[in-house]
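*Asks:* What shape does this take:
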Amino acid sequence: MSQILPSSLRSRLRALTPARVGLGRTGVSQQTRDTLDFQCAHAQARDAVHARMETAAMVAAFGQISASPVLRLHSAATDRTVYLQRPDLGRKLDAASRNLLAGFEPGSCGLALVVADGLSALAVERHAVPLLAQLLPQLQDWRLAPLSVVEQGRVAIGDEIGLALGAALAVVFIGERPGLSSPDSLGAYITWQPRPGRTDAERNCISNIRVQGLSYVQAAAQLVFYLTQARRRQLTGVALKDEAPLLREG
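*Replies:* Down below sits the predicted model:
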């Protein structure tokens, strides 16, 4: 296809998307630069999946911007290898973390914020702190639970945390599965009345939060909209649509 597209059109297409469009050819093969670029992107994605989150540094960083205590938790997946092989273990806490949460009185908060490494610790390390720095000042009328930082966590681990803290809503900020153009994409999953057994259909998701994607300002605005509507309507998921006007940054 690239051979029949004028070079000016290929350049315009590439300016609109990070996808690999209009690639050139040398005979019947791809050009060396494109092959090397693909291999580099693939290696970055693999590195992101296997990387460990610098949890102590993250806890310290959150402590600088959060008025709530910051908890360091761990899933039942003992290490990264187990985490990747056993998704079910990443959805529940280990015994030590459950005991830590048992020290907090259920029902004392309205919103639980959870940060988990997911499939890209790189995304969390790059974007979670600046996103929450943008979001937290807009949550003045919420009773916030301690902020939880979870190692080897999946999205559903927020259900157990939210239930243990008695939160009406939980938001899980998590590193999304890396792609070949975005190894550092952060997602946010909002769940009304979190408890084990919730399905993805009962959540709302904001994805592609990163410098080249959805900005921190836009993501925070969408989160405030979803949280406000979820509290008012007492639900999340497929029944709650994003009807907020698109926020354009100046």
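*Asks:* can you name the farthest residue from the center of the chain?
*Replies:* Among the residues of the chain, the one whose C-alpha is farthest from the average of all C-alpha positions is Gly27, by C-alpha atoms, centre = their mean at 41.9 Å.
*Asks:* how far away is that residue from Phe38?
*Replies:* For Gly27, the distance to Phe38 (C-beta to C-beta, to the nearest Å) stands at 18 Å. Every C-beta, even on glycine, is put in place using the N, C-alpha and C of the backbone.
*Asks:* ditto for Leu214
*Replies:* 25 Å.
*Asks:* Which of those two has more residues huddled nearby?
*Replies:* When neighbours are counted by other C-beta atoms under 10 Å, Leu214 and Phe38 differ, and Leu214 comes out ahead with 22 against 14.
*Asks:* Contacts only, for the more buried one.
*Replies:* Neighbouring residues of Leu214 by C-beta atoms under 8 Å, 6 or more residues apart in numbering: Ile206, Ser207, Asn208, Gln222.
*Asks:* just the buried members of those?
*Replies:* For these, a burial check counting by 16 or more other C-beta atoms under 10 Å picks out Ile206, Ser207, Gln222.
*Asks:* Narrow these to those in helices?
*Replies:* Gln222 (DSSP state H).
*Asks:* Neighbours of Ala201, how many?
*Replies:* Neighbour number of Ala201 under other C-beta under 10 Å is 9.
*Asks:* Assign it to helix, strand or coil.
*Replies:* helix (DSSP: H, G, I helix; E, B strand; the rest coil).
*Asks:* Can you give me the pLDDT of it?
*Replies:* The per-residue pLDDT reported for Ala201 equals 95.
*Asks:* Likewise for Arg46?
*Replies:* Note on Arg46: pLDDT of 76.
*Asks:* any idea how far Thr32 is from it?
*Replies:* Computed as C-beta to C-beta, the Arg46 to Thr32 distance reads 21 Å.
*Asks:* out of the two, which sits in the more crowded spot?
*Replies:* Neighbour totals were compared for Arg46 and Thr32, and Arg46 leads with 12 against 9 (other C-beta under 10 Å).
*Asks:* any idea which element that one lies in?
*Replies:* helix 32-50 (DSSP states H and E).
*Asks:* elements contacting that helix?
*Replies:* Identification of packing neighbours for helix 32-50 by 3 or more C-beta pairs under 8 Å, 6 or more residues apart in numbering; DSSP states H and E yields helix 80-85, helix 121-135.
*Asks:* Show the subsequent helix or strand relative to the first one.
*Replies:* Moving toward the C-terminus from helix 80-85, the next helix or strand (DSSP H and E) is helix 95-101.
*Asks:* pLDDT below threshold where in the protein?
*Replies:* Counting by pLDDT under 70, the ranges of the chain that qualify are 1-8, 10, 13-22, 41, 47, 107-108, 242-250.
*Asks:* Right, I'll call it a day here.
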